[in-house]
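> Sequence below, structure please.
(one chain, ligands or ions: 1)
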Amino acid sequence: MKSRPRLVAVANRLPVHRVGGIYPRWVTSPGGLVTALAPIVRKTGGAWVGWDGSTERKASPFTHDGIAIRPVSITESEVESFYNKFSNQTLWPLYHDAIRTPIFDRKTWRPYVEVNSRFARAAARTAQPGDWVWVHDYHLQLVPAMIRQIRPDVKIGFFLHIPFPPEELFAWLPWRKQILQGLLGADLVGFQTYAAVRNFSRLARDFTTAEGTDTALEYEGRTVAVNAFPISIDFKSFEDVARSRESSEAGALIRQRVGVGRKILLCVDRLDYTKGIDARLQAYELLLNSGRVSVDDAVLVQIAVPSRERVFEYADLRQEIDRMVGRINGDHSVPGRVAVHYFRRNFSREELIAYYRAADIMVVTPLRDGMNLVAKEYIASRVDSTGVLILSEFAGAARELRRAVLVNPRDVEGLAEAMVTAIRTPVKEARHNMNILRMQVRRHDVFEWADQFLRALQD
Ligand code: ADQ
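Reported below is the predicted structural model:
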């Protein structure tokens, strides 16, 4: 790590956000990416290029906690066209199995190119000779090639946090060639899973002049390395909080409040149609309707943080979940015992960990997910090695977390069955599986992820 060149991180969002009214100040934003990258950027004397989330004022470059912050501005109309539309109504659904129909609107492509070019110019200005530039995620897929054009002297890495779809879906995209060429501008393209590596390399060979194997493509006289780097969490920091007396007491209080003796099935998601919240509620409703589980035996706790609320599909989903929870509770709750506890708001990390500690069963059932960090956070928080994880086969995390109860999230009956299996799992068996899961996540934490990526970039 000592000999590493300066690292310039490029991501849609900066690692800091502004708080306070009259005397605003910048504070570090929470989240896995910031936790993993900020120490390396700081240690190498590097910089972070990103948007500060505001369209009102243009922030000037500044230094925060040893990191050179280089804000990129985005206008109100670009938030709509580049972010809400092209990124979140075209790319996001297309890359997630077209769970919602992607919108292909050529008026939003121009702003995507324009904003990508602004990020690339900012990165090129910031990078010094010999620096490494690490670009992140689906909002910025044109940036690698754009940086290369201005600064062929820097090493460029790209990591995609969401799935990369198979040819049958990606080929729908009218701008498929441009996106592939944008990504091929990198020296190393990283994905969450090997399936994504295969999809990308096949598409690159089919739609561009790239040739070669899945992990080494020859393109315009250079070799582009492609590989899987499953992202993870800061295991130790979750474990440390979970081990604290406060967390243990908060967890016990939650258990006491929902009713001692009831099994807690916990779900924590961004309110997003990819997360399978509706199918999961249907499965639980099926169990209650069939009488296999009653409100005396169990309670489902759904914590959902609203996101992308200006996008129609998200407002629609929110209403649908509201209705479903209302129906299930209307049909099944009894005085003092609701069937589903629904929290539609942001929780602090400490609060989340208290819920992870309280939950007998964690239900993570996305229809498609790049990785899913919630599953790993639950495992890290189970410091007493108890608890059962139900995990969708279609989350990237399912490749590693083989000791979870793996389910097809669209199979509502199968999912209901998995909930019963989880509720009835003997403690000894649960503990055995949880120990193996904990070892897996402890070994492969987010610092290892960043290190592996940067080592591969060096080669
Ligand atoms: P996301 O789709 O946002 O990330 P995920 O990996 O599950 O999905 O991360 C969600 C984060 O939000 C977790 O850290 C979780 O603790 C937090 N969170 C969820 N609900 C919350 C609530 N109510 N209050 C507070 N925090 C809450 C994208 C990809 C994923 C990939 C990550 C990282 O879609 O597949 O794992 O990036 O690469």
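> Could you use CA atoms for every contact and neighbour count after this?
Noted.
> Give me the residue at the spatial middle of this structure.
Nearest to the geometric centre of the chain sits Asn372, at 5.6 Å (C-alpha atoms, centre = their mean).
> That one and Ala315: what is the separation?
Computed as C-alpha to C-alpha, to the nearest Å, the Asn372 to Ala315 distance reads 22 Å.
> quick one, phi psi at Arg100?
With angles defined as degrees, to the nearest 10, Arg100 sits at phi -120, psi 150.
> Count the residues that sit near it.
15 (other C-alpha atoms under 10 Å).
> The closest residue to it other than its chain neighbours: neighbouring residues, count only.
Nearest residue to Arg100, sequence neighbours excluded (C-alpha to C-alpha, 6 or more residues apart in numbering): Pro93, at 5.6 Å. The number of residues packed near Pro93 is 18, by other C-alpha under 10 Å.
> And for Lys107?
Quick note: Lys107 (other C-alpha under 10 Å) scores 12 neighbours.
> Contacts only, for it.
Ser81 (C-alpha atoms under 8 Å, 6 or more residues apart in numbering).
> Run the chain-centre distance for the helix or strand it falls within.
Using DSSP states H and E, Lys107 sits in helix 106-126. Chain-centre distance of helix 106-126: 23 Å, with C-alpha atoms, centre = their mean, to the nearest Å.
> Format the CA atom coordinates belonging to that helix as PDB.
In PDB, the C-alpha atoms belonging to helix 106-126 read as follows (Å, rounded to 0.1, in the frame of the first residue of the first chain):
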ATOM      1  CA  ARG A 106     -32.900  10.000 -27.000                       C
ATOM      2  CA  LYS A 107     -33.400  13.500 -25.300                       C
ATOM      3  CA  THR A 108     -31.800  12.000 -22.100                       C
ATOM      4  CA  TRP A 109     -28.700  10.600 -23.900                       C
ATOM      5  CA  ARG A 110     -27.200  14.000 -24.600                       C
ATOM      6  CA  PRO A 111     -27.300  15.100 -21.000                       C
ATOM      7  CA  TYR A 112     -25.700  11.700 -20.000                       C
ATOM      8  CA  VAL A 113     -22.800  12.400 -22.400                       C
ATOM      9  CA  GLU A 114     -22.500  16.000 -21.200                       C
ATOM     10  CA  VAL A 115     -22.400  15.200 -17.500                       C
ATOM     11  CA  ASN A 116     -20.000  12.300 -18.100                       C
ATOM     12  CA  SER A 117     -17.800  14.600 -20.000                       C
ATOM     13  CA  ARG A 118     -17.800  17.100 -17.100                       C
ATOM     14  CA  PHE A 119     -16.800  14.400 -14.700                       C
ATOM     15  CA  ALA A 120     -14.000  13.300 -17.000                       C
ATOM     16  CA  ARG A 121     -12.700  16.800 -17.500                       C
ATOM     17  CA  ALA A 122     -12.700  17.400 -13.700                       C
ATOM     18  CA  ALA A 123     -10.800  14.000 -13.200                       C
ATOM     19  CA  ALA A 124      -8.300  14.800 -15.900                       C
ATOM     20  CA  ARG A 125      -7.600  18.200 -14.400                       C
ATOM     21  CA  THR A 126      -7.200  16.700 -11.000                       C
END
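> Run the angle between the helix or strand that it is followed by and helix 106-126 for me.
Past helix 106-126, further along toward the C-terminus, the next helix or strand under DSSP H and E is strand 132-136. Here the directions of strand 132-136 and helix 106-126 differ by 160 degrees (axes from the mean of the first three to the mean of the last three C-alpha atoms, to 10 degrees).
> What lies in contact with strand 132-136?
Strand 132-136 is contacted from outside by 5-12, 123, 127, 143-144, 154-161, using C-alpha under 8 Å, 6+ apart.
> likewise stretch 66-77?
Against stretch 66-77 from outside (C-alpha under 8 Å, 6+ apart): 14, 38, 41-42, 45-52, 54-55, 58-63, 115, 118-119, 122, 126.
> Out of those, which sit inside strands?
In strands, defined here by DSSP state E, the members of the contacts of stretch 66-77 are Ala47, Trp48, Val49, Gly50, Trp51, Phe62, Thr63.
> Can you pick out the most distant pair from those?
Checked with C-alpha to C-alpha, the ones in strands among the contacts of stretch 66-77 reach their widest spread between Trp51 and Thr63, with 14.9 Å between them.
> Tell me which of those two has more neighbours.
Trp51 (24 against 11).
> tell me which of the ones in strands among the contacts of stretch 66-77 is nearest to Phe229?
Distances from Phe229 to the ones in strands among the contacts of stretch 66-77, taken by C-alpha to C-alpha, are shortest for Trp48, at 21.1 Å.
> For beta bridges, what are the partners of the closest one?
Following DSSP bridges, Trp48 is listed with bridge partners Ala9, Ile69.
> Return the residues of this protein in contact with the ligand.
Residues of the chain found near the ligand (C-alpha under 6 Å from any ligand atom) are 161-162, 231, 268-270, 303-305, 345-348, 369-374.
> re the thing from before, most neighbours among the ones in strands among the contacts of stretch 66-77, which one?
Result: Trp48 is most packed of the ones in strands among the contacts of stretch 66-77 (other C-alpha under 10 Å), 29 neighbours.
> wait, what's in contact with it?
Val8, Ala9, Val10, Ala11, Leu14, Pro15, Val41, Ile67, Ala68, Ile69, Arg70.
> What is the burial count for the first one?
What it means is Val8. When neighbours are counted by other C-alpha under 10 Å, Val8 registers 31.
> circling back to that earlier point, of the contacts of stretch 66-77, select the buried ones using a ChimeraX command.
Only the buried entries of these go into this ChimeraX selection, using 16 or more other C-alpha atoms under 10 Å:
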select :14,38,41,42,46,47,48,49,50,51,52,115,118,119,122,126
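> Check whatever residue of the stretch 1-150 of the chain ends up closest to the ligand and give its pLDDT.
Nearest residue of the stretch 1-150 of the chain to the ligand, counting by C-alpha to the nearest ligand atom: Gly31, 6.1 Å away. At Gly31, the pLDDT value in this model is 77.
> returning to that earlier point: return the subset of the contacts of strand 132-136 lying in helices.
Among the contacts of strand 132-136, the members found in helices (DSSP state H) are Ala123, Val143, Pro144.
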